[in-house]
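K.L.:
fold the following, please.
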Amino acid sequence: MNPMVLTMFILSLGLGTTLTFMGSHWFLVWMGLEINTLAIIPLMMHQHHPRAVEATTKYFLTQATASILLLFASVTNAWISGEWSLLEMNNPMSATLTTIALALKIGLAPMHFWLPEVLQGLNLMTGLILTTWQKLAPFAILLQLYPLLNYNLLLFMGISSTLIGGWGGLNQTQLRKILAYSSIAHLGWMITILHYAPNLTQLNLILYIIMTLTTFLLFKMFNSTKINSIITSTIKSPLLSIIILMTLLSLGGLPPLTGFMPKWLILQELTKQNLMIPATIMAMATLLSLFFYLRLCYAVTLTMNPNPICLMTTWRTKSLQPNLILLMSSTLSILLLPLTPTMFMLTL
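P.N.:
Presented below is the predicted three-dimensional model:
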């Protein structure tokens, strides 16, 4: 893609998200979401591959449906209450439609079906944008509207997402589909606690973006899209294979890594709210997610393929990819747990 055109699309992504962050009028917020969606579509289909075109079409139709629902909810609320302000949603039907529309936009269960299929058709860098940057604008709306939304619906969607995100990734061999189900599971944790402690939702979102950024950059460095293709990562770079191992375990939420921090705080808050059953279900669902993370860890560090003739073996040449971002994100993905009190206070 032409660098000037690529720069224009990247700046449009930033503009759409910024409009949604700044807007207090429903029409401005909706316009920011639309700019965001239209800016990423050319990035998704620039490979000129039938699978990329299919993924782009699915993404466009899903986002268009969510935008229509969101616009209908805002117009209905304005018709009943006479207010276009984002914080004046007093109509229960409009609040429910808004919750469903935003859940469809970010890929929450049971509106999650598009996310694994779309992510599978993209390259790793576009998939990184889809799973990180594209979540910011809808979450900005959710963090402003959470007192007005139906918390029972949010709790149902959150628990469903943790279960489906863990269960759906068990039999996958494609890394992008595994990361898609990982995204669904992490979104479930964020949505479950949104009504009770929105600061924990912010903390979980920030840490999820850092860990996902590290994972995608590592897979991009090894040019890996399948479990079989990361078997040779230890031969190529033993140090990076250890970083992959630690990052994947952090995504799974094992102590003493960074990913344990949001799960620990969220389970503690759910217990304080006397939500013992949801907390237990989510803790058990994490074991499902941990299983496919451990599969990846086993393939990366404990497996050495003696006959790699069936794989596309790459030359061990010097990497020209920038390593500073990877260095910073991998350090944050692994070593932030001792700073839990500081991180918690920063989100208050």
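
K.L.:
going by C-alpha atoms from here, please, whenever you check contacts or count neighbours.
P.N.:
Fine.

K.L.:
list the buried residues for stretch 295-304?
P.N.:
Burial within stretch 295-304, assessed by neighbour count using 16 or more other Cα atoms under 10 Å, is assigned to 296, 297, 299, 300, 301.

K.L.:
who touches it?
P.N.:
If you take Cα atoms under 8 Å, 6 or more residues apart in numbering as the criterion, stretch 295-304 is touched by 227-228, 230-234, 241-242, 244-245, 248-249.

K.L.:
one more time with 6 Å
P.N.:
Among residues not part of stretch 295-304, those counted as contacts by Cα atoms under 6 Å, 6 or more residues apart in numbering are 230, 231, 245.

K.L.:
just checking, next helix/strand downstream of the helix or strand containing the last one?
P.N.:
Which is residue 245. Take DSSP states H and E as the rule and residue 245 turns out to sit in helix 238-252. Counting by DSSP H and E, the next helix or strand C-terminal to helix 238-252 is helix 260-272.

K.L.:
show me the longest helix that occurs in the protein.
P.N.:
Within the chain, and with DSSP state H defining each element, the longest helix by residue count is helix 50-81.

K.L.:
between the helix or strand just after that one and helix 50-81, how big is the angle?
P.N.:
Past helix 50-81, heading to the C-terminal end, the next element that is a helix or strand (DSSP H and E) is helix 92-106. Taking axes from the mean of the first three to the mean of the last three Cα atoms, to 10 degrees, helix 92-106 and helix 50-81 form an angle of 160 degrees between their directions.

K.L.:
C-terminal to helix 92-106, what's the next element?
P.N.:
Of the helices and strands lying after helix 92-106 in sequence (DSSP H and E), the nearest is helix 114-120.

K.L.:
need the contact partners of that next one.
P.N.:
Counting contacts by Cα under 6 Å, 6+ apart, the residues touching helix 114-120 from outside are 55, 127, 176, 177, 180.

K.L.:
how about a cut-off of 10 Å?
P.N.:
With contacts defined as Cα atoms under 10 Å, 6 or more residues apart in numbering, helix 114-120 is touched by 44, 51-59, 61-63, 104-108, 126-128, 130-131, 168-169, 174-184, 225.

K.L.:
return a ChimeraX selection command for the buried portion of those.
P.N.:
Listed next is the ChimeraX selection for buried residues among the contacts of helix 114-120, using 16+ other Cα under 10 Å:
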select :44,51,52,53,54,55,56,57,58,59,62,63,104,105,106,107,108,126,127,128,130,131,168,169,174,175,176,177,178,179,180,181,182,183,184,225
